[in-house]
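*Asks:* Return a 3D structure for these sequence lines:
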Amino acid sequence: MPETEKLSAAQRSRVRRLSRPREFSPDEEGGELNIVPFLDIITNVLMFVLATITVTFTTMIDTQPPSVGRASARPPTKPSLSLNIVVIDKGFIVSAFGQRIGEGCQGPGSGVAVGRKTTEGQDYDFASLTACAKRLKNQVAEAADETAATLTANKDVPYQVIISTIDAIRRGDDGQELFPDINFGVPK
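*Replies:* Modelled structure (predicted):
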């Protein structure tokens, strides 16, 4: 076995000094990771989510999404009301029996069937819309059992106006069920 060289005292001192664990300065603190601030943030976010989730899902309205196309649509065998309501900034455009309903909801025509009470503000005339839907439903005896209506709105119509429109055409003032099945249409 070859003989190994002996280290001098200076070399041994240098090896000892270099192999000793290094002391970290306070700004380089190594070792443990402090996760307490991170947990504080996560706890606050979790509390916020739990507090707001009950507010977010308080009301649900059953509706049908717009259909892409009707491949097997056949013509109706009896007169169909096919009530369509479009909410615009001037009021409600109503169409039924395959034609537009004129102003005042009295018969065929063009324009807005039910206008707004005032032009400034959000004063939509929901009572007149309910009366119009009831009048149209009672015009033809075969349409009395129809429960579906299509609702479409412009993109600038507030959400509350859409919900109030749904409420107005679902049930009449006397409690008569008008159109409880609301389908959303896509504006073109």
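*Asks:* Just to be sure, Ile85 is in a strand?
*Replies:* Yes: assessed by DSSP: H, G, I helix; E, B strand; the rest coil, Ile85 belongs to a strand.
*Asks:* Can you tell me which residue is spatially central in this structure?
*Replies:* The chain has Tyr159 as the residue nearest its centroid, 9.2 Å off, counting by C-alpha atoms, centre = their mean.
*Asks:* beta partners for Ile182?
*Replies:* Thr63, Ala149 (DSSP bridges).
*Asks:* Okay, it and Gly102: tell me how far apart.
*Replies:* From Ile182 across to Gly102, the span is 23 Å (C-beta to C-beta, to the nearest Å). C-betas here are computed from N, CA, C, even on glycine.
*Asks:* neighbour count winner among those two?
*Replies:* Ranked by neighbour count (other C-beta atoms under 10 Å), Ile182 and Gly102 place Ile182 first, with 21 against 15.
*Asks:* The more buried one against Ile169, yeah?
*Replies:* Yes: Ile182 lies in contact with Ile169 (C-beta atoms under 8 Å); the separation is 7.3 Å.
*Asks:* Report the contact partners of Arg135.
*Replies:* Cys105 (C-beta atoms under 8 Å, 6 or more residues apart in numbering).
*Asks:* and it, what pLDDT?
*Replies:* pLDDT, Arg135: 87.
*Asks:* any idea how far Ile169 is from Glu5?
*Replies:* Glu5 is 101 Å from Ile169, by C-beta to C-beta.
*Asks:* Which of those two has more residues huddled nearby?
*Replies:* Comparing Glu5 with Ile169 by other C-beta under 10 Å, the one with more neighbours is Ile169, at 24 against 7.
*Asks:* Surely Ala131 forms part of a helix?
*Replies:* Yes: assigned with three-state DSSP, Ala131 falls within a helix.
*Asks:* name the helices or strands packed onto the longest helix seen in the chain?
*Replies:* Taking DSSP state H as the criterion, the chain has its longest helix at helix 36-56. Packed against helix 36-56 by the contact rule (3 or more C-beta pairs under 8 Å, 6 or more residues apart in numbering; DSSP states H and E) you find no helix or strand.
*Asks:* Enumerate the positions of it that are buried.
*Replies:* With burial defined by 16 or more other C-beta atoms under 10 Å, not one residue of helix 36-56 is counted as buried.
*Asks:* what about that helix, distance to the chain center?
*Replies:* Here the centre of helix 36-56 is set off from its chain's centre by 23 Å, with C-alpha atoms, centre = their mean, to the nearest Å.
*Asks:* who's in contact with it?
*Replies:* Nothing outside helix 36-56 qualifies as a contact, by C-beta under 8 Å, 6+ apart.
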